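K.L.:
how would this look folded up:
(one chain, ligands or ions: 1)
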Amino acid sequence: MEGLVSMRATTPRASSRTVPSVKYGPNFSIGRSIPATSMDPHGRYNSFSFTSIRAQQKPQQSETKEGITPLKEDETNALQVKEWEVGMFHNEVAAAQGIRIRRRPPSGPPLHYVGPFEFRLQNEGNTPRNILEEIVWNKDKEVTLLKERRPLFMLKKALDNAPPTRDFVGALKAAYQRTGLPGLIAEVKKASPSRGVLRENFDPVEIARAYEKGGAACLSVLTDKKYFQGSFENLEAIRSAGVKCPLLCKEFIIDAWQIYHARVKGADAVLLIAAVLPDLDIRYMTKICKLLGLATLVEVHDEREMDRVLGIEGIELIGINNRNLETFEVDTSITKRLLEGERGQVIHQKNIIVVGESGLFTPDDIAYVQEAGVRAVLVGESIVKQSDPGRGIAGLFGKDISL
Ligand SMILES: O=P(O)(O)OC[C@@H](O)[C@@H](O)c1c[nH]c2ccccc12
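P.N.:
Residues are numbered from 1 along each chain as shown. Model prediction:
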């Protein structure tokens with residue numbers, strides 16, 4: 001058993017010197033030949049972070065008015081080699097940045113042998129430690145299957161016919177200017193792991209229309225099925241029902257493929273969660289979003305995550321989630337804490353819009369986070385539970401904000 005375990009542990013390192021024979025295409029795209037993201041079968045970064053490094057090292061060259069200019073093939077290869085020589089493991093990189101959420105062990109729990117029998121042991125390494133980790137591991141499986149069914153090249157083809165995106169950040173700014181209150185991102189949310197089912201009689205399009213009528217600047221649509229009873233069908237239905245508010249695709253993004261998918265399904269913005277994604281991923285994914293015309297809402301929950309995100313160029317929107325996604329604890333004073341002092345100044349200088357997220361129920365809650373410095377809020381439960389969610393918005397703000 002000893003021998004087996006140590007063999008498993010050393011195999012990936014031994015192969016980390018091997019340069020893959022995979023050819024990457026010359027444009028700024030991902031996952032032509034290997035899956036776009038995060039890990040090879042040994043849990044090591046593959047094309048994903050390689051491309052991140054490429055994006056990071058050549059910003060002056062890669063960004064133009066039109067978008068991202070292709071790198072030459074030989075540069076591509078040189079950087080590819082470099083990354084594979086570094087041979088970092090996702091979980092190691094993440095842990096070095098204080099990220100506690102680990103990625104799913106590559107092929108399910110490791111095998112153990114007892115005599116002639118083979119079985120899988122539940123242990124720290126192969127059991128999710130909290131709900132967020134469980135969601136992420138599940139998402140990993142889900143995305144692997146979806147990608148097989150609809151590989152990136154197909155999504156890219158579908159993009160040729162996609163209508164242009166709507167200006168998510170612009171809509172929030174305009175709402176703030178119009179009302180003097182934080183712009184509202186109203187969430188179309190049927191259920192959550194912490195609160196259970198929020199609304200039995202759930203018609204996503206009807207709710208979206210009511211939100212729009214009630215003065216929401218943007219909408220957030222949960223697309224995770226298993227834990228939030230959401231769906232991409234909901235996103236598509238709202239988009240094609242003529243709702244004008246820009247749409248945030250509320251997903252657990254761990255793979256750049258999901259960003260293309262969200263765009264094809266009608267999203268105008270996506271969520272990136274700093275508790276899940278290392279800096280390189282956030283950098284890289286933000287670039288992809290820019291390329292696709294999507295806004296990025298980068299979500300943080302503590303000082304360390306905020307500082308990491310403030311160190312990344314080009315971030316326009318930061319969400320402060322008052323809910324800890326590992327424990328479900330909600331505390332609105334987190335928004336205040338993270339905006340105090342120097343951090344608040346940096347945010348101001350960079351003209352970043354901060355979104356106060358979760359646990360907001362009353363006009364006092366809105367005033368409290370506005371006072372703390374947010375210019376937008378993301379609200380689900382308190383408004384989706386109302387029989388008329390549009391009227392729920394007036395209740396939340398203490399006045400009609402639709403005029
Ligand atoms: O229903 P609430 O407490 O108003 O929260 C909305 C939104 O902030 C919450 O749904 C949320 C914030 N960040 C997330 C990340 C994943 C899933 C859900 C979320």
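K.L.:
Got phi/psi on Val354?
P.N.:
phi -100, psi 130 (degrees, to the nearest 10).
K.L.:
cool, Val298 as well?
P.N.:
Backbone torsions for Val298, taken as degrees, to the nearest 10, come to phi -100, psi 120.
K.L.:
That one touches Gly314, doesn't it?
P.N.:
No. Look at Val298 against Gly314 with Cβ atoms under 8 Å: they stay out of range, at 10.4 Å. All C-beta atoms are positioned from the backbone trio N, CA, C, and that covers glycine.
K.L.:
check contacts around Leu172.
P.N.:
Leu172 sits next to 183, 185, 217-218, 317, 353, 355, 375-376 when contact means Cβ atoms under 8 Å, 6 or more residues apart in numbering.
K.L.:
Check the gap between it and His348 for me.
P.N.:
Separation of Leu172 from His348 (Cβ to Cβ, to the nearest Å): 16 Å.
K.L.:
re the thing from before, where do the contact lists of Val298 and Gly314 overlap?
P.N.:
With Cβ under 8 Å, 6+ apart as the test, Val298 and Gly314 both reach Thr286.
K.L.:
ok, those two, which is more surrounded?
P.N.:
Remark: of Val298 and Gly314, Val298 carries more neighbours, 26 against 13, as counted by other Cβ atoms under 10 Å.
K.L.:
residues near the residue of the chain at minimum distance from the ligand, how many?
P.N.:
As assessed by Cβ to the nearest ligand atom, the ligand sits closest to Gly380 within the chain, at 2.8 Å. Counted with other Cβ under 10 Å, the neighbours of Gly380 add up to 24.
K.L.:
ok, it touching Lys189?
P.N.:
Yes. Counting by Cβ under 8 Å, Gly380 touches Lys189, with 4.1 Å between them.
K.L.:
any residues in contact with both of those two?
P.N.:
Shared contacts of Gly380 and Lys189, defined by Cβ under 8 Å, 6+ apart, are found at 198, 220.
K.L.:
pLDDT weak spots in this structure?
P.N.:
1-88, 106-124 (pLDDT under 70).
K.L.:
Specify the residue ranges that define each domain of it.
P.N.:
As given by automatic domain parsing, the domain ranges for the chain are 2-96, 168-397.
K.L.:
Can you tell me which of the ones you listed is most buried?
P.N.:
domain 168-397 (a mean of 20; mean count of other Cβ atoms under 10 Å).
K.L.:
ok so, going back, which one of the domains of the chain lies nearest to Ile131?
P.N.:
Across those, Ile131 has its closest neighbour in domain 168-397 (5.5 Å, Cβ to Cβ).
K.L.:
tell me how far that closest one is from the chain's mean position?
P.N.:
How far domain 168-397 lies from its chain's middle: 10 Å, per Cα atoms, centre = their mean, to the nearest Å.
K.L.:
for stretch 157-168, same thing?
P.N.:
19 Å.
K.L.:
Please identify the buried residues of that stretch?
P.N.:
165-168 (16 or more other Cβ atoms under 10 Å).
K.L.:
Select from these every entry located in helices.
P.N.:
Counting by DSSP state H, the part of those found in helices is Phe168.
K.L.:
want to try JSON lines for the buried residues of stretch 157-168, with distance to the ligand as columns?
P.N.:
Shown next, in JSON lines, are the buried residues of stretch 157-168 (distance: Cβ to the nearest ligand atom, whole Å):
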{"residue": "Thr165", "distance to the ligand": "21"}
{"residue": "Arg166", "distance to the ligand": "20"}
{"residue": "Asp167", "distance to the ligand": "21"}
{"residue": "Phe168", "distance to the ligand": "16"}
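K.L.:
Tell me which other helices or strands the longest helix seen in the chain touches.
P.N.:
Longest helix of the chain, by residue count under DSSP H: helix 131-149. With contacts defined as 3 or more Cβ pairs under 8 Å, 6 or more residues apart in numbering; DSSP states H and E, helix 131-149 has these neighbours: helix 256-264.
K.L.:
contacts for the helix or strand just after the helix it packs on?
P.N.:
Counting by DSSP states H and E, the next helix or strand C-terminal to helix 256-264 is strand 269-273. With contacts defined as Cβ under 8 Å, 6+ apart, strand 269-273 is touched by 168, 218, 246-253, 258-259, 262, 281-282, 285-286, 289, 294-299, 317, 319, 325.
K.L.:
can you give me the strands for the stretch 251-400 of the chain?
P.N.:
269-273, 295-300, 317-321, 353-357, 376-379 (DSSP state E, counting those that start in this stretch).
K.L.:
Which one of those strands lies nearest to Leu198?
P.N.:
Using Cβ to Cβ, the strands of the stretch 251-400 of the chain put strand 376-379 closest to Leu198, at 11.9 Å.
K.L.:
Show the contacting residues for Glu371.
P.N.:
Counted by Cβ under 8 Å, 6+ apart, Glu371 has contacts Lys336.
K.L.:
All the helices of the stretch 251-400 of the chain, residue numbers only.
P.N.:
Assigned by DSSP state H, counting those that start in this stretch, the helices in the stretch 251-400 of the chain fall at 256-264, 279-292, 303-310, 333-339, 341-349, 363-372, 381-384, 389-397.
K.L.:
and the second one, what does it pack onto?
P.N.:
With contacts defined as 3+ Cβ pairs under 8 Å, 6+ apart, the packing partners of helix 279-292 are helix 47-57, helix 256-264, strand 269-273, strand 295-300, helix 303-310.
K.L.:
Not counting sequence-adjacent ones, nearest residue to Ala216?
P.N.:
Spatially, and ignoring its direct neighbours in sequence, Ala216 is nearest to Ala186 (3.9 Å; Cβ to Cβ, 6 or more residues apart in numbering).
K.L.:
Kindly state the beta-bridge partners for that neighbour.
P.N.:
Bridge pairing for Ala186 (DSSP bridges) gives the partners Leu219, Val379.
K.L.:
any idea how far it is from Arg239?
P.N.:
15 Å.
K.L.:
again with Val188
P.N.:
12 Å.
K.L.:
Could you do Gly266 as well?
P.N.:
3 Å.
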